[in-house]
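> Sequence first, then the predicted structure, then my questions.
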Amino acid sequence: MKEEEMEVSGEELKTVKLKPIEATPETFGEYGQVVEASPDGDEFGPRDAQLDLSRGVPRFYIMHLEDRPLKFTNITHHASVTQCLGAIGGHVWYLGVAKPSIVEEKGNNVVKSRCASGHYYVPPSVEDVRVFKITGPKFLKLNRGTWHAGPLFRAESMDFYNLELSDTNVVDHTLHHFVKKNGVEFLIDE
């Protein structure tokens, strides 16, 4: 990672530049799955999205996003559900991620989430954040608790299909503010 410094509100804000990693089943495995096309009629197997939608009513919808440049200062996770994201039309997009860090009990550096589940987690470290580039007709399935920032893209707007629970963004949305907590912002270096 390369770092540059900027002045923000009298404090130094570090910009961490991240080179994107092409999302493949092998490179993305610690965070979830990359799901690609399979022949019609194939039976369910390990290459299919391994979903956990058991804690509520599933919601599958098209999400319209505008002005999502290749940088981020916050990252979020959902403790109660796996989530699937994919670009309609297979256009290039990016996602910042960090490994799930949900823990069962209190301990050093453990925080209690303000969301309804009140779960405990270890905040993601700056060094553990990665950025993935998603190209072509595939989607990502995020493991329960995977930290994520995005989708991010170069176009003015893009549409994504999104599978989560009907109340995910209301009751299961834990946010980590890298500027407030770590004094950094992330920039995708491409």
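That came through fine.

> So, low pLDDT: which residues of the protein?
In the predicted model of the chain, residues 1-11 satisfy pLDDT under 70.

> So which residue is smack in the middle of the protein?
Here the mean C-alpha position of the chain is nearest to the C-alpha of residue 148 (C-alpha atoms, centre = their mean), at a distance of 1.9 Å.

> what ranges do the helices span in the chain?
168-171, 178-182 (DSSP state H).

> Please tabulate those helices in CSV, including the columns mean neighbour count and distance to residue 17.
In short, each C-beta sits where N, CA and C put it, glycine included. Formatted as CSV, the helices of the chain follow (neighbours: other C-beta atoms under 10 Å; distance: least, C-beta to C-beta, whole Å):
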stretch, mean neighbour count, distance to residue 17
helix 168-171, 15, 29
helix 178-182, 15, 14
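
> Out of those, which gets nearest to residue 123?
Residue 123 sits nearest to helix 178-182 of all the helices of the chain, at 6.6 Å, using C-beta to C-beta.

> Tell me the helices and strands packed up against that closest one.
Judged by 3 or more C-beta pairs under 8 Å, 6 or more residues apart in numbering; DSSP states H and E, the packing partners of helix 178-182 are strand 184-188.

> Mind giving me the packing neighbours of the strand it packs on?
When contacts are defined as 3+ C-beta pairs under 8 Å, 6+ apart, strand 184-188 sits against strand 11-18, strand 71-72, strand 93-98, helix 178-182.

> Single out the most deeply packed of these.
strand 93-98 (a mean of 25; mean count of other C-beta atoms under 10 Å).

> what about the spatially closest residue to residue 48 that is not a sequence neighbour, neighbour count?
Nearest residue to residue 48, sequence neighbours excluded (C-beta to C-beta, 6 or more residues apart in numbering): residue 35, at 6.8 Å. Close neighbours of residue 35, defined as other C-beta atoms under 10 Å, add up to 17.

> ok, what's across the strand from residue 13?
Beta-bridge partners for residue 13, by DSSP bridges, are residue 6.

> how far away is it from residue 125?
17 Å (C-beta to C-beta, to the nearest Å).

> With residue 60 instead?
Residue 60 is 33 Å from residue 125, by C-beta to C-beta.

> same thing with residue 29?
Residue 29 is 20 Å from residue 125, by C-beta to C-beta.

> One more: residue 19?
Using C-beta to C-beta, residue 19 is found at 18 Å from residue 125.

> Please consider this matter closed, and thank you.
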